[in-house]
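Enquirer: only geometry, no sequence info:
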């Protein structure tokens with residue numbers, strides 16, 4: 001464990017926290033596949049004809065490795081942990097739902113909607129962070145006993161610079177847990193409702209991504225509190241890159257801005273998302289961030305999440 005952690009975290013100090021992460025935690029899947037427990041609330045999950053579970057597992061690992069290679073080619077620091085085969089965890093490739101890192105030396109542990117996903121929380125990783133680097137844990141997992149959930153930076157899109165947490169209400173994002181997190185971490189909650197095909201958007205980071213300069217967001221999907229969302233983005237000086245509902249379904253909103261070891265800025269997304277963006281949208285993004293994209297069709301089709309879901313930002 002120490003060998004992995006050595007490359008994962010540096011000791012934190014009291015300096016101003018970074019807004020864009022230079023390190024990423026990723027989990028290489030062992031038993032990836034469709035998850036029937038999450039399918040009811042995730043309309044972005046779909047089946048792949050002729051793809052057996054065994055074939056899906058192999059393809060997911062290949063897609064994962066290709067993404068890691070692409071990130072490392074651009075000198076983006078990644079620390080990889082292998083998923084443990086037993087118990088079987090089909091969504092372990094999406095660690096940002098159970099853990100978040102913060103620049104003040106704390107980590108958040110989050111309550112998960114699906115029982116099978118709760119097993120993704122890795123005590124070896126958590127305890128290693130505590131023992132080696134003095135991280136303090138803010139643990140919200142007891143909310144599972146009340147059937148109240150908040151799935152990390154899937155449920156919340158964090159404007160770390162302005163300390164604002166945008167959150168789309170769903171069965172996986174409960175206002176009570178959101179408010180507790182925001183009180184503990186000194187964030188202002190901006191709660192809203194959004195739908196896709198008549199179903200609540202299950203994770204905010206599917207339809208929204210935020211950087212220091214702009215927000216990529218599917219405004220048309222917001223059904224409640226749209227004005228508050230837009231007013232807050234305007235108040236914080238964010239330019240708006242509007243996404244269509246079709247582009248949201250292609251995971252254009254599920255991307256993440258990161259920095260490499262030399263200070264270069266990149267926007268990470270899937271090749272599906274990249275292909276769905278217009279030339280004008282790509283040009284807009286690349287005013288600020290070089291786009292990195294990698295094909296993950298098996299992961300995003302069967303899992304209903306894309307590149308951003310695979311990346312847990314490590315701070316400080």
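Expert: Nice, thanks for sending it over. Everything quoted here is computed from the prediction, not taken from an experiment.

Enquirer: against which helices or strands is the lengthiest helix in the chain packed?
Expert: In the chain, taking DSSP state H as the definition, the longest helix is helix 53-73. In this structure, helix 53-73 packs against strand 23-28, strand 77-82, strand 290-294, helix 297-303, with contacts taken as 3 or more CB pairs under 8 Å, 6 or more residues apart in numbering; DSSP states H and E. (Glycine included, C-beta is placed from N, CA and C.)

Enquirer: repeat that with 6 Å
Expert: Helix 53-73 is packed against strand 290-294, helix 297-303, with contacts defined by 3 or more CB pairs under 6 Å, 6 or more residues apart in numbering; DSSP states H and E.

Enquirer: nearest to residue 36, of those?
Expert: helix 297-303 (11.3 Å; CB to CB).

Enquirer: buried ones in that closest one, by neighbour count?
Expert: 298-303 (16 or more other CB atoms under 10 Å).

Enquirer: pLDDT below threshold where in the stretch 51-200 of the chain?
Expert: 52 (pLDDT under 70).

Enquirer: re earlier: for the buried residues of helix 297-303, which one is nearest residue 248?
Expert: When the buried residues of helix 297-303 are compared against residue 248 (criterion: CB to CB), the nearest one is residue 300, at 12.5 Å.

Enquirer: excluding its backbone neighbours, what's nearest the closest one?
Expert: Spatially, and ignoring its direct neighbours in sequence, residue 300 is nearest to residue 306 (4.5 Å; CB to CB, 6 or more residues apart in numbering).

Enquirer: what is the neighbour count of that neighbour?
Expert: 28 (other CB atoms under 10 Å).

Enquirer: does it touch residue 298 like I think?
Expert: No: counting by CB atoms under 6 Å, residue 306 stays clear of residue 298, with 11.5 Å between them.

Enquirer: coming back round to it: tell me which of the helices and strands packed on helix 53-73 sits nearest to residue 34.
Expert: Checking the helices and strands packed on helix 53-73 against residue 34 by CB to CB gives helix 297-303 as the closest, at 4.9 Å.

Enquirer: so what does that closest one touch, helix or strand wise?
Expert: helix 53-73.

Enquirer: buried sites along the helix it packs on?
Expert: Within helix 53-73, the residues that count as buried by 16+ other CB under 10 Å are 56-57, 59-61, 63-64, 67-68, 70-71.
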